[in-house]
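compute the structure for the input listed below.
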Amino acid sequence: RFPGVVIMMVDTPGSLDVFVSRIDKSLLKNLKFLVEFQLPSGSNRQILWGKLMPPALPVLQDIDYKKLAEASHDFSVSHIGNAIYRAAAAAALRTKAKDRFVGMKDLYGAIEEEKTRGESAVDRWVKTQYI
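Below you'll find the predicted structure:
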């Protein structure tokens with residue numbers, strides 16, 4: 001047994017009740033506290049976009065954190081980090097060095113990709129048919 005304190009964080013959509021219902025009961029009985037954190041508000045997402053953007057990342061001057069916060073509704077901190085990583089990877093893979101800067105277009109594209117991450121082609125097709 002580990003004598004110290006362990007903090008386990010799970011980033012899962014849905015309520016804490018849904019998560020708890022899916023976890024193994026033997027693990028659950030050893031947890032002292034379960035704390036649910038809400039998704040960040042628009043103003044908090046705006047701050048997160050600014051804080052999570054690596055200082056060394058080559059970006060264009062047109063980065064608007066407020067617009068990114070609006071476009072990333074229902075994003076957690078990990079979703080925002082993933083989107084920044086995707087945008088940076090897309091920019092880094094461009095052929096010409098002068099084009100390897102992250103701009104709003106890259107970030108918007110990464111946000112859309114992050115929104116559909118984990119969806120199958122069938123899920124996307126169903127959305128086009130019924131939603």
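
tell me which helix or strand the most centrally placed residue in the chain sits in.
Nearest to the geometric centre of the chain sits residue 79, at 0.1 Å (CA atoms, centre = their mean). According to DSSP states H and E, residue 79 maps onto helix 77-92.

got the CA coordinates for that helix in PDB?
Extracted as PDB, the C-alpha positions of helix 77-92 are listed here (Å, rounded to 0.1, in the frame of the first residue of the first chain):
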ATOM      1  CA  VAL A  77      -8.600  22.600 -20.100                       C
ATOM      2  CA  SER A  78      -7.400  19.400 -21.800                       C
ATOM      3  CA  HIS A  79      -9.500  20.000 -24.900                       C
ATOM      4  CA  ILE A  80      -7.900  23.500 -25.200                       C
ATOM      5  CA  GLY A  81      -4.400  22.000 -24.800                       C
ATOM      6  CA  ASN A  82      -5.200  19.400 -27.400                       C
ATOM      7  CA  ALA A  83      -6.400  22.000 -29.900                       C
ATOM      8  CA  ILE A  84      -3.300  24.100 -29.400                       C
ATOM      9  CA  TYR A  85      -1.100  21.000 -29.900                       C
ATOM     10  CA  ARG A  86      -3.100  20.100 -33.100                       C
ATOM     11  CA  ALA A  87      -2.700  23.600 -34.500                       C
ATOM     12  CA  ALA A  88       1.000  23.700 -33.700                       C
ATOM     13  CA  ALA A  89       1.500  20.300 -35.400                       C
ATOM     14  CA  ALA A  90      -0.300  21.400 -38.500                       C
ATOM     15  CA  ALA A  91       1.800  24.600 -38.700                       C
ATOM     16  CA  ALA A  92       5.100  22.700 -38.100                       C
END
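
tell me the helices and strands packed up against it.
helix 42-52, helix 104-115 (3 or more CB pairs under 8 Å, 6 or more residues apart in numbering; DSSP states H and E). No exception for glycine: its C-beta is placed from N, CA and C like everyone else's.
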